[in-house]
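Q: let me see the structure of the following:
(chains A and B)
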Amino acid sequence: GAGVSQSPRYKVAKRGQDVALRCDPISGHVSLFWYQQALGQGPEFLTYFQNEAQLDKSGLPSDRFFAERPEGSVSTLKIQRTQQEDSAVYLCASRGGIPRSPLHFGNGTRLTVT
Amino acid sequence: DAKTTQPNSMESNEEEPVHLPCNHSTISGTDYIHWYRQLPSQGPEYVIHGLTSNVNNRMASLAIAEDRKSSTLILHRATLRDAAVYYCILRGLSQGGSEKLVFGKGTKLTVNP
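A: Numbering: from 1, shown residues only, chains lettered A, B, ... in the order given. Presented below is the predicted three-dimensional model:
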């Protein structure tokens, strides 16, 4: 079946521009996560949704980062006034409703801020 | 979040077994041990998980020490496709009940032909 889909695959933005990154989770998956992965590092947690509710946003690095999932399916991560330090791969993952079930990751969006 | 310690890198030859170690001396009684791997230019993928007993699946085996302070991921016959970064993660309940994964730097496995 279809996995987690992320778009665009690559995004180049000039410093100061706003960007929007999209995540299509596996159909029916209740939980959705966003991670940020800098070059050579492991993924770092940004935020978590259960259906449309954002239950944990402790990893968002600043108020320039905003995530939404209005209908409990597709999610968008928005970064306002991008900075060079925002350059990274942004990964989305989803999980079904069974406790301890694995996360399924997309292949990410590589954001480069010039 | 409980932390894990893994070697930065390891090498193996194709078709030989690989033992990837992980130390997690501060593990709590409710933490599960999860392993994910990340191939180049891809997102992480689930490999295996366990709580106390050793576990086997089609991808790998997980050997857990009796005191649960360490574990070893075993790839029985490495292939070139197994070259990846392997992450050992302790997974318990967290804020909002998300059971979020906290990644370290992992072990970069190189498989030689």
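
Q: so B:Leu20 touches B:Leu109, yeah?
A: Yes - with contact defined as C-beta atoms under 8 Å, B:Leu20 counts as touching B:Leu109 (6.9 Å). C-beta coordinates here come from the backbone N, C-alpha and C atoms, glycine included.

Q: quick one, what contacts the residue nearest in space to the middle of chain A?
A: Most central in chain A under C-alpha atoms, centre = their mean is A:Trp34, positioned 3.4 Å from the mean C-alpha point. By C-beta atoms under 8 Å, 6 or more residues apart in numbering or on different chains, A:Trp34 lies in contact with A:Cys23, A:Phe45, A:Leu46, A:Thr47, A:Tyr48, A:Ala67, A:Ser75, A:Leu77, A:Tyr90, A:Leu91, A:Cys92.

Q: compute the number of surrounding residues for A:His104.
A: 19 (other C-beta atoms under 10 Å in any protein chain shown).

Q: beta partners for it?
A: Per DSSP bridges, the residues bridged to A:His104 are A:Ser94.

Q: and the pLDDT for it?
A: Per-residue confidence (pLDDT) for A:His104: 96.

Q: next one: the one 3 residues further on
A: Reported pLDDT at A:Asn107 in the predicted model: 97.

Q: anything in contact with each of B:Leu20 and B:Leu109?
A: In contact with both B:Leu20 and B:Leu109: B:Met10, B:Tyr86, using C-beta under 8 Å, 6+ apart.

Q: does chain A sit close to stretch B:28-37?
A: Yes - on the criterion C-beta under 8 Å from any C-beta of the partner chain, stretch B:28-37 is in touch with chain A at B:Tyr32, B:His34, B:Tyr36.

Q: ok so, going back, ok, the contacts of A:Trp34 vs chain B, which is closest?
A: Closest to chain B out of these is A:Tyr48 (4.0 Å), distances taken as C-beta to the nearest C-beta.

Q: torsion angles phi and psi at the closest one?
A: Dihedral pair for A:Tyr48: phi -140, psi 140, per degrees, to the nearest 10.

Q: which residues does it contact?
A: Counting by C-beta under 8 Å, 6+ apart, A:Tyr48 makes contact with A:Ser31, A:Leu32, A:Phe33, A:Trp34, A:Gln54, A:Leu55, A:Asp56, A:Lys57, B:Gly96, B:Ser98, B:Lys100.

Q: ok so the fifth one is a helix residue?
A: By that I understand A:Gln54. No - under the criterion used here (DSSP: H, G, I helix; E, B strand; the rest coil), A:Gln54 is strand, not part of a helix.

Q: thought it was touching A:Phe66?
A: No - counting by C-beta under 8 Å, A:Gln54 does not reach A:Phe66; the two are 9.8 Å apart.

Q: near chain B at all, the host helix or strand of A:Thr76?
A: Using DSSP states H and E, A:Thr76 sits within strand A:75-79. No - against chain B, strand A:75-79 shows no contacts by C-beta under 8 Å from any C-beta, the least distance being 14.0 Å.

Q: repeat that for stretch A:17-33.
A: Yes - on the criterion C-beta under 8 Å from any C-beta, stretch A:17-33 is in touch with chain B at A:Ser31, A:Phe33.
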